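Participant: below is the sequence, then the predicted model.
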Amino acid sequence: MRPRNNSLKQVKEFPSLRDITVSTEEGHNHFYSSECHTGFIEYRLWTMRRFLSPSKRKYKNTGSAKFGRGQESAHYSGEELLGSKDLEEKKMWMKHTVPKDIHKREIVNCLKSTFPNRRQWILSKHPSVTEIFNEYPRLADYEGEMIELEFSTLHQENASKFLARFGAFYAPRIQGMVKAERPDIIRKLADADITDDNLKAIIMLAELMPPANSKVKQPNKKEGTDVTSTISDKQKDSICIVQPYMLCVQSETEMKYGLVADGKLVCFEEAGALNAFDKLFKLHYVCNLEFSKSLSSFYNFGESYLCDVTDVKPRSFNVSLNAAISHIKL
């Protein structure tokens with residue numbers, strides 16, 4: 001009981017450390033959780049205990065959570081599947097239909113009707129992003145609207161939470177925390193010439209993550225407008241699989257954003273940085289992709305607090321960070 005009592009004393013002595021997002025356990029559970037016998041301090045010391053033999057450990061692991069989209073069943077059974085003939089006809093129609101406004105409603109209806117078959121195929125066969133977009137090319141059209149539609153089918157109650165919460169609540173508080181407590185992050189971003197406050201806050205949030213999980217590259221500026229060669233060069237220079245990422249193209253008058261996945265570019269003519277990142281996050285769910293391991297804590301924060309994905313449990317560090325951000329006074 002001593003670790004629990006110590007945790008209770010901490011939040012009683014320093015009320016700003018209390019986790020205000022929960023109504024139970026008096027807000028101390030990120031310092032010590034009786035359920036998993038760990039907390040923020042325990043998390044910081046885990047590297048010291050990992051080398052102990054199982055016989056010397058007080059608590060034994062019963063299994064580890066799988067990062068990424070491992071929660072879904074490999075056999076999607078949400079709706080009735082189309083027969084092979086109907087499915088192939090709809091897929092062929094979409095492949096040969098030009099994505100114009102006049103065809104948009106029909107394309108949306110076609111994607112909805114083929115969703116159960118597509119989901120079962122993605123979960124059971126684990127195709128690459130390229131294979132998914134080749135099979136269903138209209139998913140990459142209409143400036144990411146079809147990605148939004150697909151995610152809404154999977155998580156209707158969470159579809160708009162990120163856009164509603166981040167800019168209004170989290171972005172100003174993250175910037176306030178960084179300005180007050182992390183001048184090193186301010187110096188890192190000084191030369192990046194980022195004018196969008198939401199994009200700046202997203203990068204700051206990634207930088208606030210634990211060192212082992214915050215290998216975040218600063219925006220890489222490249223002169224010229226040859227976007228195709230830029231994407232191709234990144235694919236060639238990488239020694240491993242390139243995770244989906246945001247691409248920012250800056251002109252003299254404006255900044256445009258897009259997503260790149262497996263070398264495939266999804267352009268956004270009017271969307272801002274926040275909207276582009278929202279679609280980047282949702283693309284991982286739509287294509288059943290694991291998040292980058294170096295950014296797993298960052299995405300865990302997004303799943304837990306920015307989007308409220310119900311089957312994702314926040315890590316102890318993120319519970320503490322969220323409590324600290326929530327107490328920032330503007």
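Facilitator: Happy to help now that I have it. Numbering: from 1, shown residues only.

Participant: can you give me the end-to-end distance of stretch 290-306?
Facilitator: 18 Å (Cα to Cα, to the nearest Å).

Participant: quick one: low-confidence residue ranges for the stretch 201-330 of the chain.
Facilitator: In the predicted model of the stretch 201-330 of the chain, residues 212-242 satisfy pLDDT under 70.

Participant: and the helices in it?
Facilitator: 227-237, 273-286, 296-301, 316-326 (DSSP state H, counting those that start in this stretch).

Participant: those into a markdown table, with extra columns for mean neighbour count and distance to Arg165?
Facilitator: Backbone N, C-alpha and C define where each C-beta goes, glycine included. Converted to a markdown table, the helices of the stretch 201-330 of the chain look like this (neighbours: other Cβ atoms under 10 Å; distance: least, Cβ to Cβ, whole Å):
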| stretch | mean neighbour count | distance to Arg165 |
| --- | --- | --- |
| helix 227-237 | 13 | 31 |
| helix 273-286 | 22 | 11 |
| helix 296-301 | 22 | 12 |
| helix 316-326 | 20 | 11 |
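
Participant: okay if I get those as CSV plus distance to Cys110?
Facilitator: Formatted as CSV, the helices of the stretch 201-330 of the chain follow (distance: least, Cβ to Cβ, whole Å):
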stretch, distance to Cys110
helix 227-237, 28
helix 273-286, 16
helix 296-301, 31
helix 316-326, 39
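
Participant: can you count the residues close to the nearest residue in space to Lys256 that is not next to it in sequence?
Facilitator: Distances taken as Cβ to Cβ, 6 or more residues apart in numbering place Val249 nearest to Lys256, at 4.8 Å, with adjacent residues excluded. Here the count is done by other Cβ atoms under 10 Å, and Val249 has 14 residues near it.

Participant: and if you look at Trp121?
Facilitator: By other Cβ under 10 Å, 18 other residues sit near Trp121.

Participant: that one and Tyr136 touch, don't they?
Facilitator: No - here Trp121 lies out of contact with Tyr136, judged by Cβ atoms under 8 Å, at a distance of 9.6 Å.

Participant: give me the neighbour count for Lys188.
Facilitator: Lys188 has 15 neighbours, counted by other Cβ under 10 Å.

Participant: tell me which element it falls in.
Facilitator: According to DSSP states H and E, Lys188 maps onto helix 183-189.

Participant: tell me the helices and strands packed up against that helix.
Facilitator: Here helix 183-189 touches helix 171-181, helix 197-207, going by 3 or more Cβ pairs under 8 Å, 6 or more residues apart in numbering; DSSP states H and E.

Participant: tell me which of those helices is the most buried.
Facilitator: Ranked by mean neighbour count, the helices and strands packed on helix 183-189 are led by helix 197-207 with a mean of 21 (mean count of other Cβ atoms under 10 Å).

Participant: the residue nearest to Lys256 against Val260, yeah?
Facilitator: No - under the criterion of Cβ under 8 Å, Val249 is not in contact with Val260, lying 11.3 Å apart.

Participant: right, and the helices of the stretch 201-330 of the chain - which one's nearest Glu181?
Facilitator: Closest of the helices of the stretch 201-330 of the chain to Glu181 is helix 316-326, at 8.9 Å (criterion: Cβ to Cβ).
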